[in-house]
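Trainee: sequence below, structure please.
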Amino acid sequence: MAGVKTTDITIEPGKITAIIGESGSGKSTLLRLLYGLLSPDQGTVLFKGERIWGPEEKLIPGHDAMKMVTQHTDDLNLFAKVWDNVAAMLPATDLKAKQQKTEHVLKQLNMAHMADKRVADLSGGEKQRVAIARAIITRPQVLLLDEPFNQVDTSFREGLQHDIRQIVKEIGLTVIMVSHDPAEVLSMADKLVVIKNGQIVEQGPPKTLYQTPQNLYTAQLLSNCNILTAPEAKSCDIKATKDYVVVYPEWIKIKLITKTKNWTIKEVLFKGSYEDLILQNGDILLRVINDVPGGYNEGDLVSVRVGKWLEY
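Mentor: Predicted coordinates:
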């Protein structure tokens, strides 16, 4: 199978598993294999001990106990109301149950206020909520999300992530998501699976993988980190025993009261509640987080102290 090589993965039920990796690493291919949209050339994909049928064996590809939501909302009826888009997924044999289930799902996803709006009049983030509501109203056992928040504004993203986490807790839904956004997966997932060139390189809880990644690749995926060679690390008073040193911006403190100020503040990047400071020492650049904006200016000379680092 192009995109995914020999892979062994077990998904924990009732949890959110996030698959992360750089573009072209095989994330979406793995998701499509798990859903049954692709068949593996070798090996077997199992759901509750039974083999998942591939597209050549099933008239409508995709496992019946699963639903997939992508960043594209093409299957929504743009000129129908939100309510009708969601209710349409249920049979009309029991109208009372259909109404109750639709109401319940719209409340779960904080969408009750937009039930009578046309989908065509919604923002990208609101359309994404409709797509997720349509997926979960049939009570699948597994929800697969492929870059689900790409079209969602940052201000709405956290709310939607929180609602999905609540639904996972309430009904024991299993969620498998693919994402390229570190902030998204660190705050939302229970488990991270890191994939590189079609192979899983490590997996574990987000906190563990962030604080002690086993691979330089994982550290780069999860943090906007500083990567220094062993000789460059000496400029930060780090005596490295391996080739590369990784320092997260929050592990660096600026010292003002010191004799040797050998770093120049090259840029001050305002980020709202904090600043990113880009420091320069010769050809070496360091990114540092400053929690109290306004204290430094471009051109200031400072010294640094690194409290923690990783070596690879």
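Trainee: all contacts plus neighbour counts: C-alpha atoms, from now on.
Mentor: Will do.
Trainee: let me know the outermost residue of this structure.
Mentor: K259 (43.3 Å; CA atoms, centre = their mean).
Trainee: and that one, what are its phi and psi?
Mentor: Taking degrees, to the nearest 10, you get phi -80, psi -40 for the backbone angles of K259.
Trainee: can you tell me how far it is from L301?
Mentor: 11 Å (CA to CA, to the nearest Å).
Trainee: quick revisit: contacting residues for the residue farthest from the centre of the chain?
Mentor: Going by CA atoms under 8 Å, 6 or more residues apart in numbering, K259 touches no other residue.
Trainee: who's in contact with the residue nearest to D116 when sequence neighbours are not counted?
Mentor: Of all residues not flanking D116 in the chain, K81 sits nearest, at 5.4 Å (CA to CA, 6 or more residues apart in numbering). The neighbourhood of K81, defined by CA under 8 Å, 6+ apart, consists of 115-119.
Trainee: beta partners for K81?
Mentor: Beta-bridge partners recorded for K81 (DSSP bridges): R118.
Trainee: quick check: pLDDT value at it.
Mentor: On pLDDT, K81 comes in at 98.
Trainee: and of the contacts of K81, the nearest to E57?
Mentor: V119 (34.4 Å; CA to CA).
Trainee: that closest one - how many residues pack around it?
Mentor: Residues lying near V119 (other CA atoms under 10 Å) number 23.
Trainee: please report how far it lies from H162.
Mentor: Counting by CA to CA, the gap from V119 to H162 is 23 Å.
Trainee: just F149 next, same as before
Mentor: Counting by CA to CA, the gap from F149 to H162 is 12 Å.
Trainee: what does Q141 give?
Mentor: Counting by CA to CA, the gap from Q141 to H162 is 19 Å.
Trainee: buried set for the strand or helix carrying L209?
Mentor: Assessed by DSSP states H and E, L209 sits inside helix 206-211. Buried residues in helix 206-211, counted by 16 or more other CA atoms under 10 Å: 206, 209-210.
Trainee: what's the longest helix that the chain contains in contact with?
Mentor: The residue-count maximum for a helix in the chain (DSSP state H) belongs to helix 154-171. The contact list for helix 154-171 (CA under 8 Å, 6+ apart) reads 14-16, 108-110, 125, 129, 149, 173-175, 188.
Trainee: return the subset of those residues lying in strands.
Mentor: Taking DSSP state E, the ones among those that sit in strands are 16, 174-175.
Trainee: quick one: low-confidence parts of the protein?
Mentor: 1-3, 6 (pLDDT under 70).
Trainee: tell me who's in contact with the residue lying closest to N290 once chain neighbours are set aside.
Mentor: In this structure, N290 finds its nearest non-sequential neighbour in E275, 5.1 Å apart by CA to CA, 6+ apart. By CA under 8 Å, 6+ apart, the residues touching E275 are 268-269, 289-293.
Trainee: what about 6 Å?
Mentor: 269, 289-290, 293 (CA atoms under 6 Å, 6 or more residues apart in numbering).
Trainee: filter these to the buried ones?
Mentor: Buried among these (16+ other CA under 10 Å): 289-290, 293.
Trainee: quick one, domains of this protein?
Mentor: As assigned by automatic domain parsing, the chain contains the domains 16-220, 226-311.
Trainee: pick the most deeply packed of those domains.
Mentor: Mean neighbour count (mean count of other CA atoms under 10 Å) peaks for domain 16-220 among those, with a mean of 18.
Trainee: chain center to it, what's the gap?
Mentor: The chain centre lies 11 Å from the centre of domain 16-220; the measure is CA atoms, centre = their mean, to the nearest Å.
Trainee: can you put the buried ones among the contacts of E275 in a markdown table and add secondary structure and distance to E250?
Mentor: As requested, those are arranged in a markdown table below (DSSP: H, G, I helix; E, B strand; the rest coil; distance: CA to CA, whole Å):
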| residue | secondary structure | distance to E250 |
| --- | --- | --- |
| I289 | strand | 6 |
| N290 | strand | 8 |
| P293 | coil | 14 |
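Trainee: between these, which is closest to G198?
Mentor: I289 (33.5 Å).
Trainee: strands of the stretch 1-150 of the chain, residue ranges please.
Mentor: For the stretch 1-150 of the chain, the strands defined by DSSP state E, counting those that start in this stretch cover 16-20, 46-47, 50-51, 66-70, 142-146.
Trainee: the inter-axis angle of the fourth one versus strand 142-146?
Mentor: The one in question is strand 66-70. 20 degrees (axes from the mean of the first three to the mean of the last three CA atoms, to 10 degrees).
Trainee: next one: the first one
Mentor: The directions of strand 16-20 and strand 142-146 differ by 30 degrees, with the same axes, to 10 degrees as the criterion.
Trainee: picking that back up, okay if I get the domains of the chain as JSON lines plus distance to T10?
Mentor: Formatted as JSON lines, those follow (distance: least, CA to CA, whole Å):
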{"stretch": "domain 16-220", "distance to T10": "9"}
{"stretch": "domain 226-311", "distance to T10": "28"}
